[in-house]
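**Q** take this sequence and fold it.
(one chain, ligands or ions: 4)
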Amino acid sequence: MLLAISGAVAAAGAAFAGIVNSAHDFSSGGTGGPWGTPDTDRICVFCHTPHQAQPVQAPLWNRQDTTSTFKTYGSPTLDASVGQPTGNSRLCLSCHDGSVAVDAYVAGGPAIPHMMAIGDVYYPGSPYGEGGPNIGGNYSGNASVNDLRNDHPVSFIYDDGLAAADGDLRAPSSLPPNLPLFQGRLECATCHDAHNVETVGGTRLLRISNQGSVLCLTCHLK
Ligand code: HEC
Ligand code: HEC
Ligand code: HEC
Ligand code: HEC
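**A** Numbering: from 1, shown residues only. Ligands and ions are numbered 1, 2, ... in the order given. Got it, this is the predicted structure:
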């Protein structure tokens with residue numbers, strides 16, 4: 001009976017990719033780049049905890065916040081008001097700004113993180129390459145650190161008014177359900193799935209394929 005159940009679970013697991021063996025698997029033997037730690041075989045702990053979660057953010061968030069202040073995207077043709085990253089974009093940036101150790105989790109883990117931050121690994125001349133996941137560009141000697149001006153804007157309200165003002169945007173109410181807004185805002189997790197469940201193979205945790213720029217064309221009527 002037990003065997004039958006675990007067989008069913010394994011079969012269900014094979015139906016979607018999930019975090020295990022994705023770029024976000026930081027557990028022992030994990031595939032999250034150079035991070036796989038011998039310290040824990042838990043995979044959720046790097047981001048969530050069932051208890052003693054950070055009061056600042058749902059969902060049961062387990063990470064030290066970033067203290068960075070970011071330069072945000074702007075342009076003469078931008079209609080949206082883009083402020084400091086909030087919502088889940090800020091959660092992503094608690095690793096992806098490059099400044100906070102990947103195991104800087106708060107509850108149920110080591111009080112003193114000893115894994116590297118993204119900025120300690122992805123910097124010019126590093127064996128892991130320049131930039132990459134280091135969206136905030138935190139590495140020693142970088143003059144334009146915490147610079148999101150060269151990244152797609154996030155953490156702004158995307159409503160029908162914005163679509164009308166822009167003229168070339170699809171009304172957000174007609175977006176497919178797998179491109180979610182969060183409290184009406186476009187965030188990192190609108191385009192990406194941190195859990196690699198919806199992810200399309202061969203992409204960087206994207207929720208839908210961007211072959212032929214389909215992802216972009218879903219929102220931009222160009
Ligand atoms: C606990 C730290 C952490 C958090 C939180 C986190 N990431 Fe990551 N992410 C990483 C690391 C480290 C890598 C690089 C792994 C590697 O070197 O292959 C990565 C890789 C990625 C990649 C590249 C995937 C690939 O296949 O190369 C994407 C895209 C990404 N993250 C998006 C996000 C988004 C979006 C969020 C928030 C919704 C997020 N991440 C939250 C640590 C994190
Ligand atoms: C690398 C960081 C990261 C890891 C690891 C991670 N999550 Fe998340 N999780 C997030 C972020 C960021 C959000 C908020 C954005 C979103 O909803 O996609 C989230 C949202 C959620 C939510 C609420 C929204 C939803 O999708 O239902 C649940 C439940 C959840 N995670 C469960 C888990 C579980 C269970 C694990 C371990 C198997 C896990 N997560 C591992 C980053 C992570
Ligand atoms: C409008 C859609 C969109 C938004 C919003 C977005 N991304 Fe991406 N991101 C992409 C696409 C498209 C790629 C390239 C995917 C590929 O090559 O498969 C990408 C690539 C990445 C990569 C991999 C970079 C590399 O070279 O390894 C990371 C890490 C990443 N995004 C993190 C983030 C984070 C963190 C945020 C929020 C601050 C964010 N993204 C917001 C669409 C988006
Ligand atoms: C979920 C919807 C969505 C997706 C997917 C998306 N965008 Fe956007 N993008 C927007 C919105 C909304 C804005 C804000 C437009 C404005 O305020 O003028 C924006 C802004 C931009 C801007 C800045 C416009 C300006 O006037 O400065 C560019 C360029 C852009 N996106 C390109 C892309 C590309 C390329 C992709 C695919 C990799 C992409 N977008 C994917 C919704 C999306």
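**Q** now do the closest residue to residue 48 other than its chain neighbours, the pLDDT please.
**A** Among residues not flanking residue 48 along the chain, residue 60 sits closest, at 4.8 Å (CB to CB, 6 or more residues apart in numbering). (Each C-beta comes from the backbone N, C-alpha and C, glycine too.) At residue 60, the pLDDT value in this model is 93.
**Q** in this structure, what spans have low per-residue confidence?
**A** Low-confidence regions of the chain, defined by pLDDT under 70, span residues 1-16, 29-30, 32-33, 36-38, 56-57, 108-112.
**Q** which parts of it sit against ligand 4?
**A** By the rule CB under 6 Å from any ligand atom, the part of the chain lying against ligand 4 is 75, 77-80, 152-153, 158, 162, 166, 169, 179, 186, 190-191, 210, 215-216, 218-220.
**Q** among these, which ones are buried?
**A** Among those, those classed as buried by 16 or more other CB atoms under 10 Å are 80, 153, 158, 162, 166, 169, 179, 186, 190-191, 210, 215, 218-219.
**Q** looking at the residues you listed, which are in strands?
**A** residue 186 (DSSP state E).
**Q** which two of the buried ones among the residues of the chain next to ligand 4 have the greatest separation?
**A** Between all members of these, the longest pairwise span (CB to CB) is found for 162 and 210 and amounts to 22.0 Å.
**Q** tell me which residue is most central in this protein.
**A** Ranked by distance to the mean C-alpha position of the chain (CA atoms, centre = their mean), the top residue is residue 92 at 4.2 Å.
**Q** which SS state does it fall under?
**A** Using DSSP: H, G, I helix; E, B strand; the rest coil, the three-state assignment for residue 92 comes out as helix.
**Q** can you tell me the closest non-neighbouring residue to it?
**A** Computed as CB to CB, 6+ apart, the closest residue to residue 92 that is not its neighbour in sequence is residue 188, at 4.5 Å.
**Q** tally of neighbours for the closest residue to residue 214 other than its chain neighbours?
**A** Leaving out its chain neighbours, the residue that sits closest to residue 214 by CB to CB, 6+ apart is residue 208, at 6.7 Å. Per other CB atoms under 10 Å, the neighbour tally for residue 208 reads 17.
**Q** got it, and the one 4 residues further on?
**A** Here the count is done by other CB under 10 Å, and residue 212 has 8 residues near it.
**Q** so residue 135 makes contact with residue 151?
**A** Yes. Using CB atoms under 8 Å, residue 135 is in contact with residue 151, at 6.2 Å.
**Q** looking at those two, which is more packed in?
**A** When residue 135 and residue 151 are compared for neighbours, residue 135 comes out ahead with 23 against 15, by other CB under 10 Å.
**Q** helix or strand for that one, which one?
**A** Assessed by DSSP states H and E, residue 135 sits outside every helix and strand.
**Q** for the closest residue to it other than its chain neighbours, give me phi and psi.
**A** Leaving out its chain neighbours, the residue that sits closest to residue 135 by CB to CB, 6+ apart is residue 96, at 4.4 Å. The phi/psi pair for residue 96 (degrees, to the nearest 10) reads phi -80, psi 0.
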